[in-house]
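Q: coordinates for the following, if possible.
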Amino acid sequence: SSPSPQPTSSTRAGGPGSCERTKSMTLTEVSLAEARRIAVRAQLLDGTARHVLDTVRRLGFLQLDPISTVAPPQHLVLFSRLGPFDRAELDQLIWEERKLFEHDAFVYPIEALPLQRARMLRRRRGGKLKRDEWVREFLRENARLRRAILRDLERNGPLLSRDLKEDVAPGAERHAWWGRGALRLMLDILAGRGEIAVGGRVGTHRLWDLPERVWPETETVPWPEAERLLLEQRRRSLGVWKENGRWHVHPDAANAP
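A: As a prediction, the model looks like this:
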């Protein structure tokens with residue numbers, strides 16, 4: 001199965017019922033044999049998956065990775081559930097029908113956007129970890145680059161990263177993470193914060209644009225509520241999880257032989 005922290009609901013983005021409040025769960029302890037059976041079924045490894053969109057909605061996400069010794073992970077995960085499938089259908093759902101969207105190296109159902117936007121806003125606000133302090137310092141030191149990227153995308157987007165201009169001083173020392181320029185890291189930070197979005201792809205290369213030109217408007221969900229919903233949805237998509245050394249089952253999971 002594809003590892004990630006955030007599966008999603010299947011309600012329409014921004015519409016009535018999206019990010020609906022969930023009832024408190026009563027944990028039901030199960031045996032290891034039952035846990036295995038429930039997990040296989042919850043992750044659609046039991047032969048019940050039929051369509052790309054429904055599979056992504058049930059799993060909650062697909063992880064993206066450029067490494068494809070056999071095939072990229074998003075295709076491997078779908079193949080393991082669906083068998084042979086039309087890979088062009090996944091691209092069509094993301095870039096044409098906009099029923100899925102790409103963010104932070106994952107593909108989500110569009111109805112997950114409110115919860116992911118809550119995560120983006122939390123990143124903008126930052127925290128007290130050293131990582132958060134480092135990001136704030138990086139943004140301060142490279143404020144001119146950030147403004148230039150947003151200005152170029154507003155005027156000319158969507159654009160590939162190679163179309164965005166970056167002034168690199170002659171003889172600049174090569175950094176271990178981003179080479180001699182900060183452009184790539186800046187794009188990743190801005191994308192994680194929801195200031196820019198992936199609006200398409202040219203081969204494996206991302207086309208960057210302003211989020212308001214890529215994503216629909218959605219409701220705003222406070223982070224504590226979003227965090228609770230993300231946890232509940234993750235448990236639903238997994239079917240079972242371990243807590244205090246015991247296996248517990250989600251009340252919506254199928255537990256029949």
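
Q: what about residue 87, how many neighbours?
A: Look at residue 87: counted by other C-beta atoms under 10 Å, it has 15 neighbours. All C-beta atoms are positioned from the backbone trio N, CA, C, and that covers glycine.

Q: so what's it up against?
A: residue 75 (C-beta atoms under 8 Å, 6 or more residues apart in numbering).

Q: just residue 122 next, same as before
A: residue 223.

Q: just the buried positions in the host helix or strand of it, please.
A: Assigned by DSSP states H and E, residue 122 belongs to helix 113-125. The neighbour-count check on helix 113-125 (16 or more other C-beta atoms under 10 Å) flags 113, 114, 115, 116, 117, 118, 119, 120, 121, 122, 123 as buried.

Q: swap in stretch 240-252?
A: 240, 241, 247, 248, 249, 250.

Q: could you find the closest non-adjacent residue to the first one?
A: It refers to residue 240. residue 35 (4.4 Å; C-beta to C-beta, 6 or more residues apart in numbering).

Q: what separates that neighbour from residue 102, distance-wise?
A: 32 Å (C-beta to C-beta, to the nearest Å).

Q: got it, and residue 182?
A: Distance from residue 182 to residue 102, by C-beta to C-beta: 23 Å.

Q: then residue 112?
A: 12 Å.

Q: okay, those two: which has more neighbours?
A: Taking neighbours as other C-beta under 10 Å, residue 112 and residue 102 compare with residue 112 leading, 31 against 21.

Q: tell me the pLDDT at that one?
A: You'll see residue 112 listed with a pLDDT of 96.

Q: what's the answer for the one 3 residues further on, then?
A: Listed pLDDT for residue 115 reads 97.

Q: repeat for residue 51
A: Reported pLDDT for residue 51: 96.

Q: same deal with residue 255?
A: With respect to pLDDT, residue 255 has a value of 80.

Q: could you measure from it over to residue 87?
A: 34 Å.

Q: show the subsequent helix or strand relative to the helix or strand hosting residue 154.
A: Element membership for residue 154 (DSSP H and E) is helix 143-156. Next helix or strand after helix 143-156 toward the C-terminus (DSSP H and E): strand 159-160.

Q: check which element follows that following strand along the chain.
A: helix 183-192.

Q: so what pLDDT did residue 245 get?
A: pLDDT, read off for residue 245, is 88.

Q: coming back round to it: if you count neighbours, what's buried in the helix holding residue 154?
A: Counting neighbours by 16+ other C-beta under 10 Å, helix 143-156 gives 145, 146, 148, 149, 153 as buried.
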